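Have a look; sequence and predicted model below, questions after that.
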Amino acid sequence: MNHNQMTARVGLFFLIGVALIWVTFEALHNGGFEKGKGYTVVAPFSSVKELKPGDDVRMAGVKIGSVEATRLSGARAEAVLRINAPYKIANDATGSIAMAGLLGTNYIAFDLGHPENGTVAENGTVHTRESADINQIMSDLGSLGQDLKGTLSQVGQALGPGPDGQGGLFQKLDKLVTENSAKVSVTMENLQDITGKIRSGEGTLGKLVNDPSAYNDLRSTMAEIRSAADQAKLFVTDTQGIIDQIKSGKGAVGTLLYDEETGANLKIVAKNLREVSDKMNNPNSSFGQLITSDALVKDAQSTLRKVDRAVDGMADQGPITAVGVVANALF
């Protein structure tokens, strides 16, 4: 092999190596040579966790860009995202930091949102939400384990011997059952006796269970009670209607209670009745003398007796004589 062939082979291997390096770089960085294409947006988070430049940005599971940089901005962390040119992020789309498997790398996941309502402009800020951190989850699981351990310890203490040396819960239950076994046996016998009487149709409950007529009577009674309840409900409804009419000023009672003119007239009538009553109780008035004066009563009785005598005297007299007789009898 001469020198020229050796040089040609070395050059060929060099070109192949450069091509492999380029392909590898493209595969690992997803088109790192085309970094200038697309546009950038900012995604704010309270913590970017393990997010790093080069991680994917996905929308509905489809890669639409990558993380260009992470930085601190005041009291929050920000991830600068480079979105590929064909893709747009809706204004109402929300992104979060997700994990590609339990041991995979982090990436930013966006939902589709509604692009018809507008999209995020270049260098704009997207909406984000916080997601569970694996470290926080493990910490919570550790706390849960401690709580569970404490609970099991308390249960063990409740089931085990007490501080006074007495038995635990199971021992106490066993002792309780042993000491009251005779009472439990008597109770079971009583229950068997009661169920036997019910089965044979004895007593009220037995008749209800075994006698169809008693059951029918009970149903009839319940139907009557229901009917009475319906009637009572109807009565209450009618009463409420009457009360509503009275409150609205309808009818005689409503008019008396709510009509101001009628109330004024009633006051006038009551005042007149009071005046008449006062006059009748006054012995100096005509009504009062008619009611309370004995002299007027005696005069009226005397006048009636004279009229009777005059009428008796007119029986056999002529008209002129009768007039004289009446005048003489009266005066």
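That came through fine.

Just give the number of residues close to A79.
The number of residues packed near A79 is 25, by other Cβ atoms under 10 Å. Placement of C-beta: from N, CA and C, glycine included.

tell me the secondary structure for it?
Classification of A79 by DSSP: H, G, I helix; E, B strand; the rest coil places it in strand.

State the distance from the residue nearest to it when sequence neighbours are not counted to F110.
Spatial nearest neighbour of A79, excluding adjacent residues (Cβ to Cβ, 6 or more residues apart in numbering): A43 at 4.6 Å. Using Cβ to Cβ, to the nearest Å, A43 is found at 9 Å from F110.

Same question for G65.
As judged by Cβ to Cβ, G65 and F110 stand 10 Å apart.

intersection of neighbour lists for those two?
Residues touching both G65 and F110 (Cβ atoms under 8 Å, 6 or more residues apart in numbering) are V57.

in the longest helix along the chain, what's buried?
Selection of the longest helix in the chain by residue count, based on DSSP state H, yields helix 212-247. Across helix 212-247, burial judged by 16 or more other Cβ atoms under 10 Å covers A214, I246.

For that helix, name the packing helices and strands.
When contacts are defined as 3 or more Cβ pairs under 8 Å, 6 or more residues apart in numbering; DSSP states H and E, helix 212-247 packs onto helix 203-210, helix 251-258.

so where's the stretch 1-150 of the chain uncertain?
1-3, 25-36, 101-104, 133-137 (pLDDT under 70).

ranges for the helices of it?
Counting by DSSP state H, counting those that start in this stretch, one finds helices in the stretch 1-150 of the chain at the ranges 3-29, 134-159.

Now do I108 against A19, distance only.
I108 sits 32 Å away from A19, going by Cβ to Cβ.

between these two, which one's more packed in?
I108 (25 against 10).

Pull the contacting residues for the more buried one.
By Cβ under 8 Å, 6+ apart, I108 lies in contact with 43, 51, 55-58, 67, 79, 81, 95-98.

Kindly recompute the last result at 6 Å.
By Cβ atoms under 6 Å, 6 or more residues apart in numbering, the contact list for I108 reads V57, G95.

do the same with the one 4 residues further on
Contact partners of L112, counting by Cβ under 6 Å, 6+ apart, are A60.

quick one: it from A98, how far?
15 Å.

got any residues that touch both of A43 and F110?
Counting by Cβ under 6 Å, 6+ apart, the contacts common to A43 and F110 are G95.

before we move on, back to that, just the angle between the longest helix of the chain and helix 203-210, please?
100 degrees (axes from the mean of the first three to the mean of the last three Cα atoms, to 10 degrees).

going forward can the numbers begin at 539, since that is how I track them
Yep, numbering from 539; the last one is helix 750-785 now.

Centre of the chain to helix 750-785, how far?
Its chain's average C-alpha position is 30 Å from that of helix 750-785, according to Cα atoms, centre = their mean, to the nearest Å.

Okay, buried residues for the longest strand along the chain please.
Criterion DSSP state E: the longest strand present in the chain is strand 600-611. Neighbour counts over strand 600-611 (16+ other Cβ under 10 Å) mark I602, G603, S604, V605, E606, T608 as buried.

Other residues contacting it?
Residues from elsewhere that reach strand 600-611 (Cβ under 6 Å, 6+ apart): 568, 586, 591-595, 616-622, 625.

Using CSV, list the CA coordinates for that strand.
Taking Å, rounded to 0.1, in the frame of the first residue of the first chain, the C-alpha atoms of strand 600-611 are listed here in CSV:
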residue,chain,number,x,y,z
VAL,A,600,-45.8,15.4,21.0
LYS,A,601,-42.4,17.2,21.2
ILE,A,602,-42.8,20.8,20.2
GLY,A,603,-39.5,22.2,21.5
SER,A,604,-36.9,22.0,24.2
VAL,A,605,-35.7,23.8,27.3
GLU,A,606,-33.1,26.4,26.4
ALA,A,607,-32.2,27.7,29.8
THR,A,608,-33.2,27.9,33.5
ARG,A,609,-32.8,31.0,35.6
LEU,A,610,-33.9,32.8,38.8
SER,A,611,-36.1,35.9,38.4
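
Right, I'll leave it there.
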